[in-house]
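Trainee: sequence first, predicted model second:
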Amino acid sequence: MKRTKIVVTLGPASSSTEVIEGMVAAGADVCRINFSHGSHNNVLEQIKNIRAVNKKLDAHTAILADLQGPKLRIGLVENNGVELVAGKEMIITTKECLGTAERIYITYPQFPKDVKAGENILIDDGKLLLKVISTNGIDEVKAVVSHGGVLSSKKGVNLPNTKISLPCLTEKDIKDLEFALDQNADWIGLSFVRSAADIIELKHLIQNINPNSKAKVIAKIEKPEAILDIDNIIKETDAIMVARGDLGVEIPMQEVPVTQKMLVRKCLEQSKPVIIATQMMESMITNISPTRAEVNDVANSVMDGADAVMLSAETSVGHHPAKVVEAMTKIIEHIEEESTIYNRDNAAPELNLHNDRFISDSICYTAAKMAQRTKAAAIITMTHSGYTAFKLSSHRPKAHIYVFTDNYRILTTLNLVWGVKGFYYDKSISTDHTIADIKFILKKNGYVVPNDLIINIASVPLSDKGKSNMVKLSAVE
C-alpha cells in the first residue's frame, strides 16, 4: 500500500465514471477540479461521478476545488496567432480589442497603474518576454519585445517584478467557492497566494458562506511574495501546493528545486500536507511511458517527504489517464521500499501545559518513536477531528497509519494526507472493547497478521471525543 498520495486533475479526458474508476483503481487519491475551465454543470457531473466511484469501490477519494484566482491573461488576437518580433515596440492596453503585433488587450484593469519602466512581462509561461518602456498610468503601457514568437489568444501573463494590486479572490472565484461549498468539496485551492492575509480572508469567507463547512484550504505557492511570507502562510493554511508552473516563471527557474525542498521541510515541521505539482509526467500526455527525468522528479519528491504528487494535463487532456496514474504508483511504491524516507527526526513537543495540543502532540510523538523502536506494523488512531492523523503522518512512521472515525466527512479529507488510510467506525462501548474490535477488523481484512505489534492511540473516555491522551502497545493474536 503506497503512502504518498496522487492528485489527478479532471478534464475532458477524465470526467467519466469509467475513467475516474480506472484512475482510482490505479492509485489516485484526490480528484482536482480546476475552476479555470468548465461550467458549474460540468463540475456537478464530475462530482457526481467521483462519488459514484467512491460508493462502488468503497473508496474515499477527496475532492479538491481549485479556484482560478486573479490569473492575468491576454485577450483574443487576430487569427488566433500573431508574431511578436524581438526589438519591436508594441502597446498593451486595458481597452478591449482584437490583438495584433502592434497592440494587445490585457484583462487586468490596474496594469498601467501597477507596472513601472524596466519591469518584465512574461507571456505563455515565459515563452515570450517583453520589457516595459513607459506607462500612461491610465489604460496603455508601451513595451518592447525582448524575446519574440507566436502569441495566441488568452495566454497567461506573469509579472515577476510587479506588485499586483488585485484582490486574491475575483467575483468568479467567490461564485465558484459558493458552488464548491454547496457540493461539500473537501479542499479549496487558493491560487496566487501573496500573504497569510489571503488565507485568513478565504477562511472568513468560507465561514460566512457556510458556518458548518469543514472544507480545508490549500495555499498554492506560485508568487515571490508568498516565499517572503511563507512561515505565516504555513501557519494559517491547512496545506500547501508547490505550483511549479507559475512559480518557475515568477522566480528564476534555478531557484525552484531549492524552494520546493524548503517548502516540504517547513510543512513537515508544522504537520501541514504538501503537494508537488506541475509537469511531473508531462511527456505522458501523449506517450505511454515517462522520461527518465520525470521518473527522477517524482522519486525525488517522494524522498523529500511530499504528502502528494499531482498530475495536471497528463490526466485532464492526456491520451491515457489511468496509465499515467499506474506509472506514478509504480515509482512511488518502489521508492517507498527505501528505509531512509521513514522516521523523521522531529523534535519532541515543547513542554507547554498552556498549549491545549501539548498532550495529544506528545502522544503522537511517543507513538511514532515507539513504532520505530518496536518495529510495529501499525499505529491505529481514533479521531473525530482528524488532528492526530495529520500529526502522526508528519513523523513519517514506517508503521501504517489506520484512522477510525465516526465523522464520515474527514475520511475523504484525510485521503490527501501521507500514509493515512481511513475507516468509518461508529461503535463506542469501552476503550478495551473498541480496541479489540478494531484489531479484529484489521486482522479480518488482512491489514495486520498474528504476532504483529500494533500501537493504539485514543481519547479516554471515548464518549467524550476529546483530544488523544492514551497510547497502548499490544500484539495481534
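Mentor: Perfect, thanks for sending it.

Trainee: any weak-confidence spans in the stretch 51-200 of the chain?
Mentor: Within the stretch 51-200 of the chain, not a single segment meets pLDDT under 70.

Trainee: strands of that one, residue ranges please.
Mentor: 62-66, 72-73, 82-84, 89-93, 103-105, 120-123, 128-135, 140-147, 149-151, 156-158, 187-190 (DSSP state E, counting those that start in this stretch).

Trainee: dump the ones you listed to JSON lines, plus distance to residue 287 and mean neighbour count.
Mentor: Just so you know, the C-beta spots here come from the backbone N, C-alpha and C atoms, and that holds for glycine as well. What follows is the strands of the stretch 51-200 of the chain, written out as JSON lines (distance: least, C-beta to C-beta, whole Å; neighbours: other C-beta atoms under 10 Å):
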{"stretch": "strand 62-66", "distance to residue 287": "25", "mean neighbour count": "26"}
{"stretch": "strand 72-73", "distance to residue 287": "29", "mean neighbour count": "17"}
{"stretch": "strand 82-84", "distance to residue 287": "30", "mean neighbour count": "17"}
{"stretch": "strand 89-93", "distance to residue 287": "37", "mean neighbour count": "19"}
{"stretch": "strand 103-105", "distance to residue 287": "34", "mean neighbour count": "20"}
{"stretch": "strand 120-123", "distance to residue 287": "27", "mean neighbour count": "22"}
{"stretch": "strand 128-135", "distance to residue 287": "27", "mean neighbour count": "18"}
{"stretch": "strand 140-147", "distance to residue 287": "28", "mean neighbour count": "18"}
{"stretch": "strand 149-151", "distance to residue 287": "25", "mean neighbour count": "17"}
{"stretch": "strand 156-158", "distance to residue 287": "25", "mean neighbour count": "20"}
{"stretch": "strand 187-190", "distance to residue 287": "28", "mean neighbour count": "26"}
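
Trainee: kindly reformat those as a markdown table containing distance to residue 258.
Mentor: Compiled in a markdown table, those are given as follows (distance: least, C-beta to C-beta, whole Å):
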| stretch | distance to residue 258 |
| --- | --- |
| strand 62-66 | 25 |
| strand 72-73 | 26 |
| strand 82-84 | 32 |
| strand 89-93 | 33 |
| strand 103-105 | 35 |
| strand 120-123 | 21 |
| strand 128-135 | 23 |
| strand 140-147 | 25 |
| strand 149-151 | 29 |
| strand 156-158 | 20 |
| strand 187-190 | 24 |
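
Trainee: these: which one's closest to residue 168?
Mentor: strand 187-190 (6.8 Å; C-beta to C-beta).

Trainee: what's that closest one packed up against?
Mentor: strand 62-66, helix 171-182, helix 196-209, strand 216-221 (3 or more C-beta pairs under 8 Å, 6 or more residues apart in numbering; DSSP states H and E).

Trainee: using CSV, write out every CA atom in that strand.
Mentor: Listed in CSV are the C-alpha atoms of strand 187-190, where the atom choice follows Å, rounded to 0.1, in the frame of the first residue of the first chain:
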residue,chain,number,x,y,z
TRP,A,187,-10.2,21.0,0.0
ILE,A,188,-10.3,24.5,-1.6
GLY,A,189,-7.2,25.6,-3.5
LEU,A,190,-6.3,29.3,-3.5
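
Trainee: residues in contact with it?
Mentor: Counting by C-beta atoms under 8 Å, 6 or more residues apart in numbering, the neighbours of strand 187-190 from elsewhere in the structure are 30, 32, 62-67, 69, 168-169, 177, 180-181, 198-199, 202, 206, 215-220, 238-239, 241, 413, 416.

Trainee: the strands of the stretch 51-200 of the chain: which one's closest to residue 234?
Mentor: Closest approach to residue 234 among those (C-beta to C-beta): strand 187-190, 13.5 Å.

Trainee: who does the closest one pair with, and is each partner parallel or antiparallel?
Mentor: In the sheet containing strand 187-190, the strands it pairs with under DSSP bridges are strand 62-66 (parallel), strand 216-221 (parallel).

Trainee: adding distance to residue 458, write those strands out as CSV.
Mentor: CSV is the format used below for the strands paired with strand 187-190 (distance: least, C-beta to C-beta, whole Å):
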stretch, distance to residue 458
strand 62-66, 25
strand 216-221, 24
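
Trainee: what's residue 94 in contact with, if anything?
Mentor: The contact partners of residue 94, taken as C-beta under 8 Å, 6+ apart, are 105, 106, 108, 109, 111, 112, 139, 140.

Trainee: give me that answer again for 7 Å
Mentor: If a contact means C-beta atoms under 7 Å, 6 or more residues apart in numbering, then residue 94 has 106, 108, 109, 111, 112, 139 as its contacts.

Trainee: quick one: which of those residues is nearest to residue 260?
Mentor: Among the contacts of residue 94, residue 108 lies closest to residue 260 (C-beta to C-beta), at 27.9 Å.

Trainee: skipping adjacent residues, who's closest to the closest one in space?
Mentor: With C-beta to C-beta, 6 or more residues apart in numbering as the measure, residue 72 is the residue that lies nearest to residue 108, at 4.8 Å, once sequence neighbours are left out.

Trainee: mind listing what residue 74 touches?
Mentor: With C-beta under 7 Å, 6+ apart as the criterion, the residues that contact residue 74 are 99, 104, 105, 106, 123, 151, 154, 155, 157.

Trainee: and whichever strand or helix holds residue 25, what does it pack onto?
Mentor: Assignment of secondary structure by DSSP states H and E places residue 25 within helix 17-26. Under the contact criterion of 3 or more C-beta pairs under 7 Å, 6 or more residues apart in numbering; DSSP states H and E, helix 17-26 touches helix 40-57, helix 321-335.

Trainee: neighbouring contacts of it?
Mentor: Surrounding helix 17-26, the residues in contact under the criterion C-beta under 7 Å, 6+ apart are 8, 14, 31, 49-50, 52-53, 56-57, 59, 61, 315, 321-322, 325-326, 329.

Trainee: please look at residue 249 and residue 156 and confirm they touch.
Mentor: No: no contact is recorded between residue 249 and residue 156 when judged using C-beta atoms under 7 Å, the distance being 8.7 Å.

Trainee: where do the contact lists of the two overlap?
Mentor: Shared contacts of residue 249 and residue 156, counting by C-beta under 7 Å, 6+ apart, come down to residue 125.

Trainee: would you turn the helices and strands packed on helix 17-26 into JSON lines with distance to residue 437 and mean neighbour count?
Mentor: Putting the helices and strands packed on helix 17-26 into JSON lines (distance: least, C-beta to C-beta, whole Å; neighbours: other C-beta under 10 Å) gives the following:
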{"stretch": "helix 40-57", "distance to residue 437": "24", "mean neighbour count": "16"}
{"stretch": "helix 321-335", "distance to residue 437": "30", "mean neighbour count": "21"}
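
Trainee: who touches residue 318 in this structure?
Mentor: With contacts defined as C-beta under 7 Å, 6+ apart, the neighbours of residue 318 are 13, 284, 285, 324.

Trainee: counting neighbours, what do you get for the first one?
Mentor: It stands for residue 13. A count of neighbours around residue 13, defined by other C-beta atoms under 10 Å, yields 18.
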